[in-house]
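>>> Got a predicted structure here, sequence first:
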Amino acid sequence: SVPMDVRLPSWVEGGLATKRNVVIGQDALDDLTVILEKDKNALQFYGQRYGEKTVQETVEYAVECIRQVLAIDVRSNFQ
């Protein structure tokens, strides 16, 4: 919810209420897996030092974060 004293352009306000479908391609998943297999610390906030037990678990958490951010991307279609 937006505070009453803040004004947002309509495309931002509408974007916050709209969840977009996000598709992560298999190539992207495979590339991320390869990167993490080579360097388990490749991601700053994900990996075994943050509690994930396997590379696959790290991939799942990182991809879910990316999916959530992209689903509520509020940038204008006119950019």
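Perfect, thanks for sending it.

>>> so what's the spatially closest residue to L70 that is not a sequence neighbour up against?
Excluding its sequence neighbours, the residue lying closest to L70 (CB to CB, 6 or more residues apart in numbering) is V22, at 4.6 Å. From N, CA and C alone the C-beta is placed, and that goes for glycine too. V22 is in contact with I66, R67, L70, A71, counting by CB atoms under 8 Å, 6 or more residues apart in numbering.

>>> same thing with E52?
Y46, T58, Y61.

>>> and which of those is nearest L32?
Among the contacts of E52, T58 lies closest to L32 (CB to CB), at 8.6 Å.

>>> Report the contact partners of that closest one.
L36, K40, L43, Y46, G47, Q48, E52.

>>> and if we set it to 6 Å?
Counting by CB atoms under 6 Å, 6 or more residues apart in numbering, T58 makes contact with L36, Y46, G47, E52.

>>> now swap in N41 and tell me
G47.

>>> make it 10 Å
Neighbouring residues of N41 by CB atoms under 10 Å, 6 or more residues apart in numbering: G47, Q48, R49, Y50.

>>> Now the element after the lowest-mean-pLDDT helix or strand in the chain, going C-ward?
The weakest-scoring helix or strand in the chain, judged by mean pLDDT, DSSP states H and E, is helix 10-17 (a mean of 67). Under the assignment DSSP states H and E, the closest C-terminal helix or strand after helix 10-17 is helix 26-38.
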